[in-house]
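> okay, here's the prediction I keep looking at, along with the sequence it came from:
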Amino acid sequence: MSSPIKTEPSQKSQVMLDTLKTAVAHALEKKRRLGQYAVVWKNGKPVRIGADSIGINGNDSNL
């Protein structure tokens with residue numbers, strides 16, 4: 001027997017995902033304000049981005 005594949009996360013999972021996204025956005029914003037760099041994954045590799053390239057709330061066009 002195969003179970004159907006869910007395309008949408010459960011309500012509990014969505015709350016957890018939203019919480020994680022908010023935490024990451026706050027951490028990136030804090031790093032930007034402190035002038036620190038961040039390391040993110042881009043094209044399967046870790047990439048260091050400077051404080052001047054971290055967007056507000058983690059919305060970085062370079063990611």
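All right, it came through fine.
> which parts of the chain are strands?
In the chain, the strands defined using DSSP state E lie at 38-42, 45-49.
> pull out the buried positions in the last one.
Same thing as strand 45-49. I49 (16 or more other CB atoms under 10 Å). For every residue, glycine as well, the C-beta is placed using N, CA and C.
> need the CA coordinates for that strand. CSV is fine.
Below are the C-alpha coordinates for strand 45-49, written out as CSV (Å, rounded to 0.1, in the frame of the first residue of the first chain):
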residue,chain,number,x,y,z
LYS,A,45,28.2,25.5,-2.3
PRO,A,46,28.7,27.6,0.8
VAL,A,47,29.1,31.3,-0.1
ARG,A,48,30.2,34.2,2.1
ILE,A,49,28.2,37.3,1.7
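> could you give the angle of it to strand 38-42?
When axes from the mean of the first three to the mean of the last three CA atoms, to 10 degrees is applied, the directions of strand 45-49 and strand 38-42 differ by 140 degrees.
> sheet partners, orientation included, of strand 45-49?
strand 38-42 (antiparallel) (DSSP bridges).
> go through the partner strand and flag the buried ones.
In strand 38-42, counting by 16+ other CB under 10 Å, buried: A38, V40.
> now that strand: mean pLDDT?
Strand 38-42 carries an average pLDDT of 93.
> just the CA coordinates for it, please, in PDB.
In PDB, the C-alpha atoms belonging to strand 38-42 read as follows (Å, rounded to 0.1, in the frame of the first residue of the first chain):
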ATOM      1  CA  ALA A  38      26.900  35.500   6.600                       C
ATOM      2  CA  VAL A  39      27.500  32.200   5.000                       C
ATOM      3  CA  VAL A  40      24.700  30.800   2.900                       C
ATOM      4  CA  TRP A  41      24.300  27.900   0.400                       C
ATOM      5  CA  LYS A  42      24.200  28.900  -3.300                       C
END
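> low-confidence regions, this structure specifically.
When residues are selected by pLDDT under 70, those of the chain lie in 1, 53-63.
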